[in-house]
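J.: Return atomic coordinates for the entry below.
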Amino acid sequence: MRGRSKQHVWLVRFAVCIPIVWLVLGLSLDPDPRGFGTHEQLGLSACYAREWLGVPCPTCGVTTASVLLLHGHPLDSFQNQPFGLLLVLGSLAFSLQVWIAHRRGQDAFASLMESSGRRWARAFVVGLLFGWAWSVLLRA
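T.: Here you go, the predicted model:
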């Protein structure tokens with residue numbers, strides 16, 4: 001990968017892992033019927049915000065929504081926690097963007113730092129806040 005930064009190499013490796021991670025999660029997890037808590041199947045603890053404050057945290061339901069989408073239930077995924085659906089689709093689109101830049105001989109990391117990185121960051125934050133608001137209103 002001559003003429004491209006070390007960061008490009010790592011970004012391409014990361015981008016290649018994204019679909020693999022989603023495939024593994026989709027095959028190994030079952031969506032929790034409560035609409036949250038699927039991450040506990042990975043050995044992670046329950047959401048402390050929900051337990052202590054009685055409201056979902058910004059990521060409550062994201063794993064469940066992601067797994068619902070990966071199991072072929074996009075409407076259920078969106079209704080559960082929109083950010084979970086957006087996270088899966090957005091990360092796959094990001095992975096594709098990096099791969100296309102790589103195939104064109106571009107430095108994907110440089111491109112990300114110039115302009116598209118800000119767009120991806122904004123989309124991530126807006127999606128996370130929208131999903132959180134959705135969850136708070138849905139479970140209120």
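
J.: can you pull the contacts of the residue nearest the centre of the chain?
T.: Computing the C-alpha centroid of the chain and ranking residues by C-alpha atoms, centre = their mean puts Leu87 first, at 2.9 Å. The contact partners of Leu87, taken as C-beta atoms under 8 Å, 6 or more residues apart in numbering, are 62, 66, 127. No exception for glycine: its C-beta is placed from N, CA and C like everyone else's.

J.: Can I get the helix or strand encompassing the second one in CSV, CA atoms only?
T.: If I follow you right, that is Ser66. The secondary structure element spanning Ser66 is helix 62-70 (assigned by DSSP states H and E). Taking Å, rounded to 0.1, in the frame of the first residue of the first chain, the C-alpha atoms of helix 62-70 are listed here in CSV:
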residue,chain,number,x,y,z
VAL,A,62,-29.0,-0.6,20.6
THR,A,63,-27.7,-4.2,20.7
THR,A,64,-31.2,-5.6,20.7
ALA,A,65,-32.2,-3.4,17.8
SER,A,66,-29.0,-4.3,15.9
VAL,A,67,-29.7,-8.0,16.4
LEU,A,68,-33.3,-7.6,15.4
LEU,A,69,-32.1,-6.1,12.1
LEU,A,70,-29.5,-8.8,11.6
